[in-house]
Structures are given as C-alpha cells and as structure tokens.
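**Q** My questions are about this predicted structure, shown below with the sequence.
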Amino acid sequence: MPARQTATVSGPVLIIGAGLLGASVGLGLAVQGVRTWVSDISPTTEAVAADIGAGRSLARFVREEGEAAARERVDPQLIVVATPPDVAAATVIRCLREYPGASVVDIASVKAPILAEVEASGADVSRYLGTHPMSGREKSGPVAARGELFTSRPWVICEHDAVAPETVRLAHGLATDLGSIVTYLDVEEHDAAVALVSHVPQVMSSLLASRLRETPLEALGLAGQGLRDTTRIAGSEPGLWVQILSANARPVVETLYGVRADLDRLIGTLEAPTADGARLDIAQLMSEGNAGVARIPGKHGGAPKAFSELTILVDDTPGQIARLLTEIGEIGVNIEDLRMEHSPGQPVGMVEVAVVPTAHDRLVDELDARGWKIVK
Ligand SMILES: NC(=O)c1ccc[n+]([C@@H]2O[C@H](COP(=O)([O-])OP(=O)(O)OC[C@H]3O[C@@H](n4cnc5c(N)ncnc54)[C@H](O)[C@@H]3O)[C@@H](O)[C@H]2O)c1
Ligand SMILES: O=C(O)C(=O)C[C@]1(C(=O)O)C=C[C@@H](O)C=C1
C-alpha cells in the first residue's frame, strides 16, 4: 500500500541523475508518498535507483509508452537535476524546454556558473532555482543513497531576480520535506561560503591523505582517530571534485592563499623550533584553530554546543551495538552523536557516544550498573 502523502511537494517529481544525491532525494520523497520518477544517462544506474525504491524508471516508461505519451503522462510538478556540475546547466535548460509546466531545481555544489548559463540560454528562468543540500557522502552512486541523508542538514536556496514564487515554494518544500533547514544566499555568497566550508576541506583532506601513499604499513597501522577524522573525505570521487574545484576555482584559491600563509608561517617556525618566540607562535596557530572549530554550529545549525562524550567497550559479537543503543534508550538519554571505532582482529570495538552534559554522569552510572565497560 503506498504511504500516505505527508510532503509539501505533491509531485510527481522527476529526478535527473539517479546517483548518490538523486536517489537519496527519491528515497526521501517516496517514503512520504510522493510519486517519483528517476532518469539517468546510465541505464544501469537508473535501473538500480528504481530497484531500491527511489522512483519509477523513466526510460522504461518511455519504452513502454513512447516518448511523447510518456512525457505527457509523467507531467512533473518539480524536476530535480542531480547530475554532475558540468552538465547541470545543460540539463536544466533541456528540462525547462521539454516540461513547460514544471519547476526545475538543481542541487549541484557550485551555483554561479550554472545560473549564468541558464540565464544566457534564453530558457524560462522564472521556473528555475539553484539549490544545494549541504549533505553528502564520500561515496557515489545509488547504492550509497539514503533517504535520511538530508535530515537536519542545511539546504541552500539561491534566489535570483526573475524567479517565480511557485518555484521558490517548491524548492523550499523539497528541502523541508526531506528534513533540511533552509538558508537563502545569492549565488556569489554561496560559492564563497562553500569554498571555505566544503571545497577547501576536501582539498586539505586529499593533500594530507596523498602523503600516505608511500608510508610503510607498520606506520599506517598506528593510525588513530585523528587521521581517520581528517582523511574520510579523501575517499571522494575524483571526477566530481575536478568539476567542483574548477567551477569554483577563484573562491577556492582566495581561501587557499590564507592556508598557504599559515603553512609558510608554521614551516618557518618549525625550522627553528627553539628560536625566541617559536613556541608562542606554535601555540598561537593551535589556539587560532581552537577558536575556529569552536565556531562551527551544533547539530541542528544552532549555536555551538559542547556535548559530553563517553566511550563504551563493546564485544565484537552480533547484536551488541543494538543492545547498547536499546539500553541507552531505556535509560532515557538522547544520543546526540555516535561514532564507532573497530580494529580488525580485535575482540572488542569502541562506541563513542555524545550526550548533553547534564545526562553524562547518570548515563555512565546506569550503564556501569548494567555491566557495560566505560573507558572514558
Ligand atoms: N556527493 C555529495 O556529497 C554531494 C552533496 C551535495 C551536492 N552534490 C551534487 O549533487 C550532484 C550529484 O552528485 P552525486 O554525488 O550524486 O554524484 P553521482 O556520481 O553519485 O551521481 C550523478 C549521476 O548523474 C548521472 N549523469 C551524468 N550525466 C548525466 C546526464 N547528462 N543526464 C542524466 N544523468 C547524468 C550519472 O550517471 C550519475 O549516476 C552533483 O552536482 C554534486 O555536485 C553532491
Ligand atoms: O560529508 C561529506 O562527505 C561531504 O563532504 C559532503 C559535502 C560537504 O562538504 O559537506 C560535500 C560536497 C557537497 O557539495 C556537499 C556536502
């Protein structure tokens, strides 16, 4: 039985580009009862996205019904363009022309070049809006898709002068239906902001991880959480990042100039670590980092909030983590964040749980009483 419609966007929604992001949009809308269609340049990707429940395959429907009849019957209210950035503008322009009744949003990671290309095309730009969900993964393709990918994450909407109110309403509805928190920025503000908060982090992670290529395995075996935290996104798809970085090159370079200045300063200091003032300079760089990280907003985009953490040892046997989470629920404490560290070959794993500070001591006491081993 189809789920009851609970979303603002009534659909149908046609998703073009059924990879990680497109299939995640489809899954998130489908569970709310919105009729979704998926389309991808790769027939296999489109079939996989349809198989996991992200939407019905448009190509299959076209094969069954014929091009014109299928387009008329699909009749999307909203089209979500989730293709790579280099074809996003061309896809938006094509959709505006092929579906004159639909609003079209794209979700590519860079916004100014796409708006410029759509405006220059002469297509009906009133039905187009550039948007960007600030959520993703270092994986690509529909198999990695998650319907809850967007929950509690920011979703930027880049209004422009010619946009129609209905298009803004649908873009806003799409983001909030998927659980995101909407922020309005213009395209230049967006591109400058993401250069710092998304694109340079990717560069730094890749540069650091590239140092590991020739490292002996014994040294890599010593890696703790610090290396894992700083290199997770180095596993991202190179093809996508070539497009993102080249499309947003100027704002990224502006940010990298600042990084280069700090790096030169640190190298200079560490070349003479016992010179007068060297230690102060190192301390200053570290505390500038402290000040920066403290400004990153908390889980729901509000003011930074310090959570208390505790680490629990968990036997490496089936069902242990589920049991731990159930018991934390029984104790009545909300988990704000959760991370697992598990070394292959070790009989135990470590589950790091973040909770509000007022719940910390009670949780430790109650877990302890239930026989769990708390290590921190
Ligand atoms: N990966 C992330 O974390 C993330 C987060 C936010 C936004 N985005 C943006 O979302 C978009 C999709 O990224 P993704 O991570 O889902 O990539 P992906 O590689 O998983 O999916 C992209 C899909 O688009 C398809 N495609 C390529 N050209 C096409 C065309 N002309 N017509 C139809 N389909 C086409 C590909 O076959 C692929 O299946 C990108 O623009 C990216 O900048 C990505
Ligand atoms: O969590 C991740 O894997 C991401 O890096 C996702 C991330 C980000 O920088 O936050 C990456 C690029 C997208 O354009 C949006 C989101």
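**A** Arrived safely. Ligands and ions are numbered 1, 2, ... in the order given.
**Q** give me the low-pLDDT residue ranges for this structure?
**A** 1-5, 298-306, 342-346, 376 (pLDDT under 70).
**Q** Tell me the residues on it that lie near ligand 2, please.
**A** Contact residues (CB under 6 Å from any ligand atom) of the chain with ligand 2: 109, 134, 135, 136, 137, 138, 198, 233. Every C-beta, even on glycine, is put in place using the N, C-alpha and C of the backbone.
**Q** Check the residues you listed against ligand 1 and report the nearest one.
**A** residue 136 (1.7 Å; CB to the nearest ligand atom).
**Q** so who does residue 24 touch?
**A** 54, 145, 146, 147, 149, 150 (CB atoms under 8 Å, 6 or more residues apart in numbering).
**Q** could you redo the last one with a cut-off of 10 Å?
**A** By CB atoms under 10 Å, 6 or more residues apart in numbering, the contact list for residue 24 reads 15, 18, 49, 54, 82, 107, 133, 135-137, 142, 144-150, 178.
**Q** For residue 15, identify the helix or strand it belongs to.
**A** According to DSSP states H and E, residue 15 maps onto strand 13-16.
**Q** Helix, strand, or coil at the residue lying closest to residue 237 once chain neighbours are set aside?
**A** Nearest residue to residue 237 in three dimensions, chain neighbours excluded: residue 140, at 4.6 Å (CB to CB, 6 or more residues apart in numbering). Here residue 140 is recorded as coil under DSSP: H, G, I helix; E, B strand; the rest coil.
**Q** ok so, going back, buried ones only from the contacts of residue 24, please, as a PyMOL command.
**A** Buried residues among the contacts of residue 24 (16 or more other CB atoms under 10 Å), as a PyMOL selection:
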select buried, resi 15+18+49+54+82+107+133+135+136+137+142+144+145+147+149+150+178
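**Q** among the contacts of residue 24, which are in reach of ligand 1?
**A** 18, 82, 107, 133, 136, 137.
**Q** from these, which ones fall inside strands?
**A** When the ones next to ligand 1 among the contacts of residue 24 are checked against strands (DSSP state E), the matches are residue 133.
**Q** Can I take it that residue 214 is in a helix?
**A** No. Residue 214 is assigned coil when assessed by three-state DSSP, not a helix.
**Q** which helices and strands does the strand holding residue 15 pack with?
**A** Using 3 or more CB pairs under 10 Å, 6 or more residues apart in numbering; DSSP states H and E, the elements in contact with strand 13-16 are helix 20-30, strand 36-39, helix 43-51, helix 58-65, strand 78-81, helix 85-98, strand 103-106, helix 165-177.
**Q** all helices for the stretch 251-376 of the chain, in order.
**A** With helices called from DSSP state H, counting those that start in this stretch, the stretch 251-376 of the chain shows them at 278-293, 320-331, 357-369.
**Q** Quick one: those helices as JSON lines, columns for mean neighbour count and distance to ligand 1 too.
**A** Formatted as JSON lines, the helices of the stretch 251-376 of the chain follow (neighbours: other CB atoms under 10 Å; distance: least, CB to the nearest ligand atom, whole Å):
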{"stretch": "helix 278-293", "mean neighbour count": "11", "distance to ligand 1": "21"}
{"stretch": "helix 320-331", "mean neighbour count": "15", "distance to ligand 1": "26"}
{"stretch": "helix 357-369", "mean neighbour count": "15", "distance to ligand 1": "31"}
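**Q** If we ignore the residues flanking it in sequence, what's nearest residue 132?
**A** Nearest residue to residue 132 in three dimensions, chain neighbours excluded: residue 156, at 4.5 Å (CB to CB, 6+ apart).
**Q** So the one you found versus ligand 1, what's the distance?
**A** Relative to ligand 1, residue 156 is positioned 10 Å away (CB to the nearest ligand atom, to the nearest Å).
**Q** and that residue, helix, strand or coil?
**A** Reduced to three states with three-state DSSP, the structure at residue 156 is strand.
**Q** Next, count neighbours for it.
**A** For residue 156, the neighbour count with other CB atoms under 10 Å is 22.
**Q** residues contacting the residue nearest to residue 262 when sequence neighbours are not counted?
**A** In space, and not counting its chain neighbours, residue 262 is closest to residue 285: 6.6 Å by CB to CB, 6+ apart. Neighbour list for residue 285: 262, 263, 265, 266, 269 [criterion: CB under 10 Å, 6+ apart].
**Q** most surrounded residue in those residues?
**A** Counting neighbours by other CB under 10 Å, residue 269 leads the contacts of residue 285 with 18 neighbours.
**Q** hang on, isn't that residue packed against residue 277?
**A** Yes. Here residue 269 reaches residue 277: they are 8.4 Å apart, a contact under CB atoms under 10 Å.
**Q** if I pick the residue nearest to residue 237, what's in contact with it?
**A** 19, 20, 21, 45, 84, 236, 237, 239, 240.
**Q** so residue 102 makes contact with residue 94?
**A** No. Contact status for residue 102 versus residue 94: not in contact, 11.8 Å apart, counting by CB under 10 Å.
**Q** In terms of packing, which of these two has more residues around it?
**A** residue 102 (20 against 17).
**Q** Looking at the stretch 151-300 of the chain, which residue is nearest ligand 2?
**A** For the stretch 151-300 of the chain, CB to the nearest ligand atom, closest residue to ligand 2: residue 198, 3.2 Å.
**Q** Could I get the contacting residues of that residue?
**A** Neighbour list for residue 198: 109, 132, 134, 136, 233, 244, 248, 252 [criterion: CB under 10 Å, 6+ apart].
**Q** Residue 163 now?
**A** By CB under 10 Å, 6+ apart, the neighbours of residue 163 are 103, 125, 126, 127, 128, 129, 130, 157, 171.
**Q** Switch these over to TSV; also include neighbour count.
**A** Output for those, formatted as TSV (neighbours: other CB atoms under 10 Å):
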residue	neighbour count
103	26
125	22
126	16
127	24
128	29
129	25
130	30
157	22
171	27
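**Q** Understood, closing this out.
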